[in-house]
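Colleague: Sequence first, then the predicted structure, then my questions.
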Amino acid sequence: MTRYTLALEHWESLVQPRADLDKADKWLNCAPPKTMHSNAKGTVMFKVMIFIKRKPGMSTEDFIHHYENSHAPLGLAKVPNIKKYVRHYLSPYGNDVYLQDSGFAYDVVTELGFDDRADFERGMTYLTEPNTAALIAEDEGKLFDRSSIRFMLVEDRKSAI
């Protein structure tokens with residue numbers, strides 16, 4: 001029995017079919033996806049997730065402390081049009097269905113939100129100004145494995161519950 005089969009059986013044991021969904025959707029127990037993230041204006045927010053590994057040899061506690069007390073305030077000060085800035089610190093987890101992976105690739109997923117793509121591009125332009133770029137790079141060098149940094153554009157979908 002594969003890990004996938006175990007996971008599927010686990011989900012099927014938890015999901016109660018809904019009578020209002022057709023047969024193909026019953027096992028999912030969800031409605032068609034809807035965009036979920038809105039800004040203050042009620043429109044869809046442009047979201048970016050940044051996957052980052054801490055600098056080799058740095059403890060998790062030191063990493064979080066520096067990110068929260070130095071890098072995050074610096075980022076907020078240098079990107080004035082940012083609307084959302086959340087750091088999601090990662091820890092390995094495992095149970096009977098999912099194996100724990102102690103060698104995961106990232107320590108934090110940083111979420112940035114802007115009104116739209118043009119607003120995001122303006123934010124990135126602020127970061128390329130020579131003085132700002134130097135400040136950011138210097139601070140990143142203190143806590144990130146800079147070769148690990150990956151930016152991903154995100155489109156959220158939310159299941160009706």
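Modeller: Here it is on my side, so go on.
Colleague: Quick check: Gly113 is in a helix.
Modeller: No - Gly113 is assigned strand when assessed by DSSP: H, G, I helix; E, B strand; the rest coil, not a helix.
Colleague: And it, what's its pLDDT?
Modeller: In this model, Gly113 is scored at 94, pLDDT.
Colleague: ok, the nearest residue to it once chain neighbours are set aside - contacts?
Modeller: Spatially, and ignoring its direct neighbours in sequence, Gly113 is nearest to Lys84 (2.9 Å; C-beta to C-beta, 6 or more residues apart in numbering). Backbone N, C-alpha and C define where each C-beta goes, glycine included. Neighbour list for Lys84: 45, 47, 111-113 [criterion: C-beta atoms under 8 Å, 6 or more residues apart in numbering].
Colleague: care to break the chain down by domain?
Modeller: As recorded under automatic domain parsing, the domains making up the chain are 1-34, 35-154.
Colleague: Could you tell me the least trusted of the ones you listed?
Modeller: Looking at those, the bottom one is domain 1-34 with a mean of 37.
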